[in-house]
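Novice: sequence and predicted structure are below.
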Amino acid sequence: MKLAVIILTHNEERHIEACIRSASFADEILVIDDDSTDRTAEIARSAGARVIAHPLAGDFAGQRNFALTQTDADWVLYVDADERVQPETEAELRRIMAEDARAVYEIKRINVAFGQRMYYGGHRPDYPRRFFPRDAVRWEGLVHERTVSDLPVRRLKGSLLHYTYTDWDRYFQKFNQYTTLMAERQYADGKRASFLKILLDPPFAFFRFYILQRGFLDGRLGFILAMTHGFYTMVKYIKLHYMETDSDSLTSFRSA
């Protein structure tokens, strides 16, 4: 049984070497690079990865599906460039492969924001589905993509450390990218945002993260991230609202 670790990248020179080193136990490390303009590809090759350039074009599921066609490994583990595979995980993966225990496996991901491990709120540990037989899964969704498979879902004991945010400039770059992608996805699904939704949903998003999910236990950073999540929710709905407004204006103009 052969294991491939797949890493999707775009301008990840600060992360890629450490990510590859954490996954060095794999039989193959495959980097699918979205036309990086920094040294991501060069560093990845030097660290022993095979690098294939392929544009993302805003389609995360499409990028992950493309990666599956670029390896002949029996099993694949997806790792993001800002994640690190923890040492205890290798033995568990090898055991599952040796037993051919075919399933889609979730793995615990501990988020590290600005150097702090987060255990509550919106950045508490999550369990993405990342490890499975290559021929048994496909991905769907432009953003917040998900796996689709007929196999049962099980959970690994191993974990990933996710260095989700390391500086505020990068945080707000992702903020802008993801609010746009989410607004486009909801618009394509026929959803619309009224002014009432823009008014009420952001404070509830903060309340959910900070109070219901106990983000206050993460201290000062828990409060800050709960506040920015409320702002994220507002910006997403503003973009969605004006997609509808701009579309209506364009339709009226064409009718005239």
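Specialist: Alright, I've got the coordinates.
Novice: identify the residue nearest Gln213 in space, chain neighbours excluded?
Specialist: Gly121 (5.0 Å; C-beta to C-beta, 6 or more residues apart in numbering). From N, CA and C alone the C-beta is placed, and that goes for glycine too.
Novice: list the contacts of that neighbour.
Specialist: Contact analysis of Gly121 by C-beta atoms under 8 Å, 6 or more residues apart in numbering lists 209-210, 213-215, 217-218, 222, 225-226.
Novice: would CSV of the residues you listed with secondary structure be doable?
Specialist: What follows is the contacts of Gly121, written out as CSV (DSSP: H, G, I helix; E, B strand; the rest coil):
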residue, secondary structure
Phe209, helix
Tyr210, helix
Gln213, coil
Arg214, coil
Gly215, helix
Leu217, helix
Asp218, helix
Gly222, helix
Leu225, helix
Ala226, helix
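Novice: buried among these? Make that a ChimeraX selection.
Specialist: Filtering the contacts of Gly121 down to the buried ones (16 or more other C-beta atoms under 10 Å) takes a single ChimeraX command:
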select :209,210,213,215,218,222,225,226
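Novice: which residue ranges form the helices in the stretch 1-150 of the chain?
Specialist: Taking DSSP state H, counting those that start in this stretch as the test, the helices found in the stretch 1-150 of the chain are 16-22, 40-46, 60-68, 89-99.
Novice: switch these over to JSON lines; also include distance to Leu77, mean neighbour count and mean pLDDT.
Specialist: JSON lines is the format used below for those (distance: least, C-beta to C-beta, whole Å; neighbours: other C-beta atoms under 10 Å; pLDDT from 0 to 100):
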{"stretch": "helix 16-22", "distance to Leu77": "11", "mean neighbour count": "20", "mean pLDDT": "98"}
{"stretch": "helix 40-46", "distance to Leu77": "16", "mean neighbour count": "18", "mean pLDDT": "98"}
{"stretch": "helix 60-68", "distance to Leu77": "11", "mean neighbour count": "19", "mean pLDDT": "95"}
{"stretch": "helix 89-99", "distance to Leu77": "7", "mean neighbour count": "15", "mean pLDDT": "96"}
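Novice: mind checking those for the one nearest to Lys239?
Specialist: Closest approach to Lys239 among those (C-beta to C-beta): helix 60-68, 18.3 Å.
Novice: name the surrounding residues that touch the closest one.
Specialist: By C-beta under 8 Å, 6+ apart, helix 60-68 touches 6, 8, 30, 32, 34, 54, 56, 76, 78, 134, 137-143, 145-146.
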